[in-house]
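Novice: please find the sequence and the predicted model below.
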Amino acid sequence: MTPSRDTSSDLHVVLGASGGAGGAVVRALSSGGKRVRAFSRSGRVENINGIEIARGDALERDALIAACRGASVIHHCVNLPYHQWGDGLPVVMDNVIAAAEETGARVAYCDNLYMYGPPSGPMTEGTPYSDHARKGAIRARLADRLLEAHASGRVQVFIGRASDFFGPAENAAVSMLVIPAVVAGKRARWIGSLDQPHSLNYIDDVGRALALLSETELAYGDVWHLPAPPPVTGREFIEMAFAVAGTPSKTGVVSRPMMRLAGMFNRQMREVVEMMYQFEMPFEIDASKFMGAFPEFRITSVREGIEASLRWQQTKA
């Protein structure tokens, strides 16, 4: 039987706190006055006053359960390198469910859009799953496992889904393709096609949205797409970044053949090829359900996100 939840606790345990989404959730919760325990394998978490740092591996059940003691919400923001998804992510999910059962905490799961496969229009929470890609099938199984645990009464969960991250963070993949090159005055490259619209989620908007949902009773037992600004093409994103920096635009593309060649020497790049369809056709997230429930939520514009990313990169450099 699942233990009764400690409703007097405001402790939020963030798993994967050294990653992009995990770090954003830590920032959002901390700024909202919540008690935060930041759990990661490296222990390298942003220096924020008042947060507790716990070091451990989410693949180790006992360590994860121990880190979740006293929590009201467990934020599952753990990710692994692509080649470890098949064996590793199901273990992490089972460990998270076990920790929630053991402690009575709720689960907030940060997910992506891979399970939908190549879209035929804007993706909603009702878009059917696809078996187009192996990594998408893995994500679909993980989500099903978590929602089944909720339906059976074992745990209380919600799923928040986002597209590719951008913003001032090492783990915001799109920004890291473009922003360092812009600051260095070099050619900035985009994956796939420069001219297909693509939804991007600002990293700190993801953190704020997940934190908000975690404190909302009606969010649990459901899937939520997280809010993003209107989609932009790679060309628009790169040209906007150079315009903000005040330097001439230098644009390039990373094609499938180039990615396959890189994959001969880099396993992570080899794994990316399967997901390149996302940048070769219109790829738009529909978060109208979220915005209908939280109309006051302010979405960071692409330009604002680029400005923040450039400031962060310049300071880092």
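Specialist: Alright, I've got the coordinates.
Novice: in contact with Met93, which residues?
Specialist: Going by Cβ atoms under 8 Å, 6 or more residues apart in numbering, Met93 touches 76, 142, 145-146. All C-beta spots, glycine's among them, are computed from the backbone N, C-alpha and C.
Novice: if we go to 10 Å?
Specialist: 58, 76, 78, 107, 109, 141-143, 145-146, 149 (Cβ atoms under 10 Å, 6 or more residues apart in numbering).
Novice: name the SS class of it, please.
Specialist: helix (DSSP: H, G, I helix; E, B strand; the rest coil).
Novice: could you shift the numbering so residue one becomes 305, and keep it that way?
Specialist: Will do, 305 is the new start, and the previous item becomes Met397.
Novice: pLDDT wise, what is it at?
Specialist: Per-residue pLDDT puts Met397 at 98.
Novice: any idea how far it lies from Ala476?
Specialist: 24 Å (Cβ to Cβ, to the nearest Å).
Novice: looking at the contacts of Met397, which are in helices?
Specialist: The helices, defined by DSSP state H, take in 445-447, 449-450, 453 from these.
Novice: of all these, which comes closest to Met573?
Specialist: For the ones in helices among the contacts of Met397, the residue nearest Met573 by Cβ to Cβ is Leu446; the value is 23.5 Å.
Novice: show me what contacts the residue lying closest to Lys593 once chain neighbours are set aside?
Specialist: Once flanking residues are discounted, Lys593 sits nearest to Glu429: 6.0 Å by Cβ to Cβ, 6 or more residues apart in numbering. Under the criterion of Cβ under 10 Å, 6+ apart, the contact partners of Glu429 comprise 463, 465, 526-529, 590-594.
Novice: separate out the buried members of the contacts of Met397.
Specialist: Buried members of the contacts of Met397, scored by 16 or more other Cβ atoms under 10 Å, are 362, 380, 382, 411, 413, 446-447, 450, 453.
Novice: tell me, how many residues neighbour Ser497?
Specialist: 18 (other Cβ atoms under 10 Å).
Novice: got a pLDDT number for it?
Specialist: At Ser497, pLDDT is 95.
Novice: same question for Asp310.
Specialist: pLDDT, read off for Asp310, is 45.
Novice: just give me the closest of the contacts of Glu429 to Pro535.
Specialist: Looking across these and measuring by Cβ to Cβ, the closest to Pro535 is Asp590, at 10.7 Å.
Novice: now do the strands in the stretch 355-504 of the chain.
Specialist: 356-359, 377-380, 410-415, 461-465, 468-470, 492-495, 504-506 (DSSP state E, counting those that start in this stretch).
Novice: okay, now the sheet partners of the second one, with direction.
Specialist: Think strand 377-380. Sheet partners assigned to strand 377-380 using DSSP bridges are listed as strand 315-319 (parallel), strand 410-415 (parallel).
Novice: how distant is the shortest one from the center of its chain?
Specialist: Which is strand 315-319. Remark: strand 315-319 is offset 16 Å from the chain centroid, using Cα atoms, centre = their mean, to the nearest Å.
Novice: tell me the first helix or strand C-terminal of that strand.
Specialist: Of the helices and strands lying after strand 315-319 in sequence (DSSP states H and E), the nearest is helix 324-335.
Novice: quick one, the one helix or strand Gly511 maps to and strand 461-465 angle?
Specialist: Gly511 is part of helix 507-518, with elements assigned from DSSP H and E. With axes from the mean of the first three to the mean of the last three Cα atoms, to 10 degrees applied, the angle from helix 507-518 to strand 461-465 works out at 160 degrees.
Novice: where does pLDDT dip in the protein?
Specialist: 305-313, 621 (pLDDT under 70).
Novice: and the nearest residue to Gly471 once chain neighbours are set aside, how far from Gly489?
Specialist: Leaving aside its sequence neighbours, Gly471 sits nearest to Ile507 (Cβ to Cβ, 6+ apart; 3.6 Å). Going from Ile507 to Gly489 by Cβ to Cβ gives 25 Å.
Novice: the two - which one has more neighbours?
Specialist: Applying other Cβ under 10 Å to Ile507 and Gly489 shows that Ile507 carries more neighbours, namely 26 against 11.
Novice: if I look at the more buried one, how far off is Ala412?
Specialist: 16 Å.
Novice: go on, Thr619?
Specialist: Taking Cβ to Cβ, one finds Thr619 at 30 Å from Ala412.
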